[in-house]
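Undergrad: Turn this into a model:
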Amino acid sequence: MRDFSFNDIRASSKGMIVESIDIGYPAVKTSEIPVPYRDSVIDAYDLNGMKVYEDRTITVKMWKKCSDRAEVERTKHDIADWLYPPAARKKIIDSAMPDYYFLAKISSFDASASTRKTCIITVTFKADPYMYSSKEGVKNTI
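TA: The predicted structure follows:
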């Protein structure tokens, strides 16, 4: 079963079943400069020999069977309290890649698909573009 941890707490420890985790790839940043008498633009990052990336998006869908509507509401609040840390980006680790982590913060929380006896939550995180290694000497990667 797939799982993830955020801020050193696993979704499974909260009773949540992770349905899917979609880790997007970051887009390459551009800074295009129009040049008079030229047919195309120049990318300032290319001039400097740099490759710079936008943040990546990580989307997690998870759910939990509950006994009644009150438990659904308690679960929503418990998960929101866990995922909205006080400040800064925190480590998010996908169980499918336990040797790597991302630094992320929550950007959206949607529990509108929940029913009377099932808490269904879709969370979107905004993460640094890099996938960091937890092992010494291993290069960080996209």
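Undergrad: Just the helices from this structure, written as ranges.
TA: With helices called from DSSP state H, the chain shows them at 44-47, 69-83.
Undergrad: now what about the first one, what contacts it?
TA: Helix 44-47 has contacts (C-beta atoms under 8 Å, 6 or more residues apart in numbering) with 29, 30, 31, 32, 33, 51, 52. No exception for glycine: its C-beta is placed from N, CA and C like everyone else's.
Undergrad: Among the residues you listed, pick out the one closest to residue 137, please.
TA: Nearest to residue 137 among the contacts of helix 44-47: residue 51, at 22.2 Å, using C-beta to C-beta.
Undergrad: which ones are touching the closest one?
TA: By C-beta under 8 Å, 6+ apart, the contact list for residue 51 reads 28, 45.
Undergrad: Please report how far it lies from residue 133.
TA: Distance, residue 51 to residue 133, using C-beta to C-beta, to the nearest Å: 19 Å.
Undergrad: before we move on, back to that, need the helices of the chain in JSON lines with mean neighbour count, distance to residue 38 and mean pLDDT, can you?
TA: Converted to JSON lines, the helices of the chain look like this (neighbours: other C-beta atoms under 10 Å; distance: least, C-beta to C-beta, whole Å; pLDDT from 0 to 100):
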{"stretch": "helix 44-47", "mean neighbour count": "13", "distance to residue 38": "13", "mean pLDDT": "79"}
{"stretch": "helix 69-83", "mean neighbour count": "15", "distance to residue 38": "48", "mean pLDDT": "97"}
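Undergrad: Any chance of TSV for these, columns distance to residue 137?
TA: Formatted as TSV, these follow (distance: least, C-beta to C-beta, whole Å):
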stretch	distance to residue 137
helix 44-47	28
helix 69-83	32
